[in-house]
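Chemist: Build me a structure from this.
(one chain, ligands or ions: 1)
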Amino acid sequence: LRNVSQFTRIAPFRDKVRFLSDSGSLTLASLGLKNEVKTVSANEKNKLQQGVSTIEVPKSRVKKKVSGNKTGLIKERNPIDIKTAPFAAESFSELGLPPLLVERLEKEGFMVPTDVQAAAVPTVLKNHDVVIQSYTGSGKTLAYVLPILSQVGPLSGEISNGSETGNKVGIEAVIVAPSRELGMQIVREVEKLLGPADKKLVQQLVGGANRSRQEEALRKNKPAIVVGTPGRIAEISAAGKLPTHGCRYLVLDEVDQLLAVNFREDMQRILDHVGRRPGARRGESNSPLVKRSARQTIMVSATVPFSVIRAARSWGCDPLLVQANKVVPLESVPPSGPVNIPGTPPTASSSSNVQVMPSVQSLPPNLQHYYTITRIQHKVDMLRRCVHALDAKCVIAFMNHTKQLKDAVFKLEARGMKAAELHGDLSKLVRSTILKKFRNGEVRVLLTNELSARGLDLPECDLVVNLGLPTDSVHYAHRAGRTGRLGREGTVVTICEEPEVFVVKKLQKQLSLSIQACEFSDGNLVITED
Ligand SMILES: Nc1ncnc2c1ncn2[C@@H]1O[C@H](COP(=O)(O)OP(=O)(O)OP(=O)(O)O)[C@@H](O)[C@H]1O
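Modeler: The predicted structure follows:
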């Protein structure tokens with residue numbers, strides 16, 4: 001039954017990308033795009049069905065009652081079954097990308113676009129400002145990187161990337177991410193596609209790294225794309241060392257987090273300077289003409305609260321909301337309470353952050369959610385039992401306080417389980433070494449805080465554990481989304497105390513999911529309640 005329900009979830013999106021407006025459907029043609037991405041052929045349906053039927057849900061992974069048999073639980077993770085991933089178009093070339101870029105994608109193993117890529121790439125190529133929303137691990141990074149690379153750099157197929165005189169123009173794309181790790185991850189993704197010969201066309205500007213070296217690299221390499229954290233980008237821009245006035249693309253990845261108060265000043269500087277012609281006064285910048293002649297603004301997140309919709313309307317020019325299966329004008333999204341936008345004074349009721357779309361749309365479909373109850377002093381031991389019971393190979397465990405991480409690592413290591421802590425107080429080098437060790441399997445359990453909840457792509461992660469409760473459903477969604485990426489399976493376990501169960505029930509309701517109560521007994525996961 002689970003296989004069938006997965007198929008019904010996937011199949012309707014394969015039919016076509018729908019464009020909706022107040023006055024009825026916007027067609028792809030009305031946006032100047034191809035009318036229909038793909039209609040599923042009978043043959044393809046068969047392929048899909050075969051694909052779905054190959055997903056093996058480990059039979060005795062979960063037990064209804066305690067049994068002494070320890071062998072039934074997951075021993076080997078299933079490799080990703082590409083046919084079960086949410087794809088909509090059959091090839092990247094259908095999306096209007098240049099042949100050189102398609103070739104490079106195929107060389108790197110990217111053969112078929114995901115749903116959100118199929119919807120976003122042609123829309124961005126048509127110069128629309130967009131908010132891209134799709135669940136965690138659905139490939140949103142390439143959804144904005146590909147249109148940029150099809151216009152900027154050697155893969156665009158254009159002979160010169162500079163002006164007619166052959167001189168290089170300034171920076172053409174600025175990508176902003178809320179954390180250093182996410183920034184570096186995006187740099188790696190772009191570098192991979194550019195290839196070793198051209199990788200200097202992308203430059204990282206993340207905090208925690210040597211600023212003068214970054215400025216020197218900017219001067220020497222004249223990159224076309226920069227990726228960084230708000231603070232560092234704003235700092236270098238204020239020092240007059242970031243030529244972004246002619247910039248064509250501004251990407252705000254994890255845009256809802258970039259709206260946070262701590263980023264406000266830096267974001268304001270970026271929004272005011274990137275892709276703004278020198279001399280353009282602030283008042284002028286509200287004119288759609290000035291905005292359009294300036295930059296294209298692309299905002300991305302799995303969670304789009306109403307604050308993002310409001311900000312996007314203010315920052316962009318007639319922005320569209322792009323989701324895996326539809327594209328709608330942002331204007332058609334119903335209004336809600338007031339929100340804070342950088343540059344505007346905070347209002348008394350500015351905390352309004354109403355989710356525009358159900359949070360369930362932020363979560364990958366292949367996740368299993370559980371919770372278990374224990375006393376606070378036994379939480380780490382329960383984590384250890386949970387890892388053993390599920391035979392998880394690559395675990396991310398979230399705690400709410402940085403100080404608790406070291407102690408938890410100590411306890412796990414004392415019981416022979418390889419663990420490490422990851423948080424913002426560690427140096428950039430230490431953080432990247434830990435992530436490397438986690439990726440290559442030297443560390444089995446990564447204990448971390450909210451720092452790792454956003455955007456980090458660790459495809460091997462098969463289990464997420466909440467040792468501390470997430471503050472709300474948005475935080476739950478981003479934490480949970482570190483597993484089950486791109487069609488893979490994943491498990492999320494929340495370990496809570498008895499008085500915290502009501503929070504789990506609330507999350508379950510807000511996210512419209514089933515979070516089942518369980519226990520870990522004799523090396524098995526035992527469901528204790530339906
Ligand atoms: N078309 C594709 N084919 C195969 N793999 C892909 C494709 N697109 C993306 N991926 C891979 O899928 C993984 C998830 O992609 P990505 O990190 O962009 O997801 P995301 O939607 O941005 O997630 P999050 O919301 O957590 O930031 C990455 O490892 C990426 O390389």
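
Chemist: in the stretch 151-300 of the chain, which spans are helices?
Modeler: Using DSSP state H, counting those that start in this stretch, the helices of the stretch 151-300 of the chain run over 180-194, 211-221, 230-238, 255-258, 264-273, 288-294.

Chemist: okay, these, which one's buried deepest?
Modeler: Of the helices of the stretch 151-300 of the chain, the one with the most neighbours on average (mean count of other C-beta atoms under 10 Å) is helix 255-258, at a mean of 25. C-beta: built from backbone N, CA, C; applies to glycine.

Chemist: ok, back up a step: using CSV, please lay out the helices of the stretch 151-300 of the chain together with mean pLDDT and distance to Ala389.
Modeler: Formatted as CSV, the helices of the stretch 151-300 of the chain follow (pLDDT from 0 to 100; distance: least, C-beta to C-beta, whole Å):
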stretch, mean pLDDT, distance to Ala389
helix 180-194, 95, 29
helix 211-221, 95, 46
helix 230-238, 96, 41
helix 255-258, 94, 33
helix 264-273, 94, 44
helix 288-294, 52, 54
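
Chemist: quick one: which of the ones you listed is nearest His378?
Modeler: Proximity to His378 (C-beta to C-beta) singles out helix 180-194 among the helices of the stretch 151-300 of the chain, at 30.7 Å.

Chemist: And the contacts of that closest one?
Modeler: Helix 180-194 is contacted from outside by 101, 104-105, 108, 141-142, 145, 149, 153-155, 175, 177, 199, 201-209, 225, 227-229, 253-254, 428, 431-432, 435, 451-452, 454-457, using C-beta atoms under 8 Å, 6 or more residues apart in numbering.

Chemist: Got a quick ChimeraX command for the buried subset of the residues you listed?
Modeler: Of the contacts of helix 180-194, the buried ones go into a single ChimeraX selection, burial set by 16 or more other C-beta atoms under 10 Å:
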select :101,104,105,141,142,145,149,153,154,155,175,177,199,201,202,203,204,205,206,207,209,225,227,228,229,253,254,431,435,451,452,454,455,456,457
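
Chemist: Quickly note the distance from Gly484 to the ligand.
Modeler: 10 Å (C-beta to the nearest ligand atom, to the nearest Å).

Chemist: So what sits opposite the closest residue to that residue other than its chain neighbours in the bridge?
Modeler: Once flanking residues are discounted, Gly484 sits nearest to Gly490: 3.0 Å by C-beta to C-beta, 6 or more residues apart in numbering. Note on Gly490: beta-bridge partners Leu367, judged by DSSP bridges.

Chemist: For Gly490, give me its contacts.
Modeler: Gly490 neighbours (C-beta under 8 Å, 6+ apart): Pro364, Asn366, Leu367, Gln368, Cys461, Asp462, Leu463, Val464, Ala480, Thr483, Gly484.

Chemist: Recalculate using a threshold of 7 Å.
Modeler: By C-beta atoms under 7 Å, 6 or more residues apart in numbering, the contact list for Gly490 reads Asn366, Leu367, Asp462, Val464, Thr483, Gly484.

Chemist: picking that back up, among the contacts of helix 180-194, which are in reach of the ligand?
Modeler: Within the set of the contacts of helix 180-194, contact with the ligand (C-beta under 6 Å from any ligand atom) is found for Thr141, Leu142, Gly455, Asp457.

Chemist: Would you agree the second one is in contact with Gln117?
Modeler: Okay, so that is Leu142. Yes - using C-beta atoms under 7 Å, Leu142 makes contact with Gln117 at a distance of 5.7 Å.

Chemist: Which strand or helix spans Pro459?
Modeler: Using DSSP states H and E, Pro459 falls within no helix or strand.

Chemist: Quick check: closest non-adjacent residue to it.
Modeler: Nearest to Pro459 is Arg485, by C-beta to C-beta, 6+ apart, at 5.2 Å.

Chemist: quick one: contacts for the one you found?
Modeler: So Arg485 contacts Gly137, Pro364, Asp457, Pro459 (C-beta under 7 Å, 6+ apart).

Chemist: Tell me the secondary structure at Glu421.
Modeler: Assigned with DSSP: H, G, I helix; E, B strand; the rest coil, Glu421 falls in the strand class.

Chemist: Just list whatever residues bridge to it.
Modeler: Counting by DSSP bridges, Glu421 forms beta bridges with Leu447.

Chemist: That one - how many residues pack around it?
Modeler: 24 (other C-beta atoms under 10 Å).

Chemist: Same question for Ala517.
Modeler: The burial count for Ala517: 15, using other C-beta under 10 Å.

Chemist: ditto for Lys107
Modeler: 11.

Chemist: ok, it to the ligand distance?
Modeler: Taken as C-beta to the nearest ligand atom, the span from Lys107 to the ligand is 13 Å.

Chemist: Tell me the residues of the stretch 201-350 of the chain that contact the ligand?
Modeler: Ala302.

Chemist: any chance you could map the strands in the stretch 201-350 of the chain?
Modeler: Using DSSP state E, counting those that start in this stretch, the strands of the stretch 201-350 of the chain run over 202-205, 225-228, 249-253, 296-301, 320-322, 326-329.

Chemist: Turn these into a markdown table, columns for distance to Met267 and mean pLDDT.
Modeler: Output for the strands of the stretch 201-350 of the chain, formatted as a markdown table (distance: least, C-beta to C-beta, whole Å; pLDDT from 0 to 100):
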| stretch | distance to Met267 | mean pLDDT |
| --- | --- | --- |
| strand 202-205 | 15 | 96 |
| strand 225-228 | 12 | 97 |
| strand 249-253 | 8 | 97 |
| strand 296-301 | 12 | 95 |
| strand 320-322 | 20 | 93 |
| strand 326-329 | 24 | 89 |
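
Chemist: Could you dump these into TSV and include distance to Ile186?
Modeler: Shown next, in TSV, are the strands of the stretch 201-350 of the chain (distance: least, C-beta to C-beta, whole Å):
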stretch	distance to Ile186
strand 202-205	9
strand 225-228	5
strand 249-253	7
strand 296-301	11
strand 320-322	18
strand 326-329	23
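
Chemist: Give me the neighbour count for the nearest residue to Pro98 once chain neighbours are set aside.
Modeler: The shortest distance from Pro98 to any non-neighbouring residue, by C-beta to C-beta, 6+ apart, is to Gly157 (4.3 Å). Neighbourhood size, Gly157 [other C-beta under 10 Å]: 12.

Chemist: what pLDDT does Gly157 get?
Modeler: Per-residue confidence (pLDDT) for Gly157: 73.

Chemist: do Pro365 as well
Modeler: Looking at Pro365, its pLDDT is 85.

Chemist: how far does stretch 413-429 stretch from start to finish?
Modeler: 22 Å (C-alpha to C-alpha, to the nearest Å).

Chemist: Residues contacting that stretch, please?
Modeler: So stretch 413-429 is in contact with 180, 208-209, 384, 387, 402, 405-406, 409, 412, 431, 434, 437-438, 442-449, 451-452, going by C-beta under 7 Å, 6+ apart.

Chemist: Tell me how far the residue nearest to Gly484 lies from Ala453.
Modeler: 14 Å (C-beta to C-beta, to the nearest Å).

Chemist: With Tyr370 instead?
Modeler: Taking C-beta to C-beta, one finds Tyr370 at 19 Å from Ala453.

Chemist: Can you tell me the closest non-neighbouring residue to Thr244?
Modeler: Leaving out its chain neighbours, the residue that sits closest to Thr244 by C-beta to C-beta, 6+ apart is Val274, at 4.6 Å.

Chemist: Could you measure from the one you found over to the ligand?
Modeler: 21 Å.

Chemist: what's near enough to touch that residue?
Modeler: Contacts of Val274 (C-beta under 7 Å, 6+ apart): Val174, Thr244, Cys247, Leu250, Arg295.

Chemist: Can you add distance to Lys505 and neighbour count and give those residues back as a markdown table?
Modeler: Output for these, formatted as a markdown table (distance: C-beta to C-beta, whole Å; neighbours: other C-beta atoms under 10 Å):
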| residue | distance to Lys505 | neighbour count |
| --- | --- | --- |
| Val174 | 42 | 25 |
| Thr244 | 47 | 21 |
| Cys247 | 47 | 24 |
| Leu250 | 40 | 25 |
| Arg295 | 45 | 25 |
